[in-house]
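*Asks:* how would this look folded up:
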Amino acid sequence: MPDVVLKDVSDGPADTPDRDTRLTLRLSPEVRHSLEWIANERSVSLVEAIRRALGTEKFLMEVSKRKARILIEQPGERLKELVII
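*Replies:* Got it, this is the predicted structure:
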């Protein structure tokens, strides 16, 4: 079985851009635990945690493509740059 399965769950035409897609994921216990931790920390559902994670990843990729720098400042430490590979 593949790790991700996409299924159209709309009743509308296949070319409608706003249709929902059902997604079935196979996650390792470690990834499932991480997802549950994120959802609990943010007090959101697993689905919302995935949406937010995807939004964050998209943002980071867009910033990286523009050659911008993402900096992390922590108290008592030197400024660090987040490098997206």
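*Asks:* Can you verify Gly76 is assigned to a strand?
*Replies:* No: under DSSP: H, G, I helix; E, B strand; the rest coil, Gly76 sits outside any strand and is assigned coil.
*Asks:* tell me which strands and helices the longest helix anywhere in the chain is in contact with?
*Replies:* The residue-count maximum for a helix in the chain (DSSP state H) belongs to helix 46-65. Here helix 46-65 touches helix 29-42, strand 70-72, going by 3 or more Cβ pairs under 8 Å, 6 or more residues apart in numbering; DSSP states H and E. (C-beta placed from N, C-alpha, C; glycine too.)
*Asks:* between these, which gets nearest to Lys58?
*Replies:* Comparison of those against Lys58 by Cβ to Cβ identifies strand 70-72 as nearest, at 13.7 Å.
*Asks:* Which helix or strand lies directly C-terminal to that closest one?
*Replies:* Moving toward the C-terminus from strand 70-72, the next helix or strand (DSSP states H and E) is strand 80-82.
*Asks:* Need the outlier residue of the protein, farthest from its centre.
*Replies:* Going by Cα atoms, centre = their mean, the residue of the chain most distant from its centre is Gly76, 29.8 Å out.
*Asks:* Could you list the low-pLDDT ranges of the chain?
*Replies:* Applying pLDDT under 70 to the chain flags residues 1-18.
*Asks:* do that again at 90, thanks
*Replies:* Within the chain, the stretches with pLDDT under 90 are 1-27, 64, 83-85.
*Asks:* Tell me how many other residues crowd Val63.
*Replies:* 14 (other Cβ atoms under 10 Å).
*Asks:* dump the residue contacts of the nearest residue to it once chain neighbours are set aside.
*Replies:* Leaving out its chain neighbours, the residue that sits closest to Val63 by Cβ to Cβ, 6 or more residues apart in numbering is Ile70, at 6.1 Å. For Ile70, the contact set (Cβ atoms under 8 Å, 6 or more residues apart in numbering) comprises 60, 63-64, 81-82, 84.
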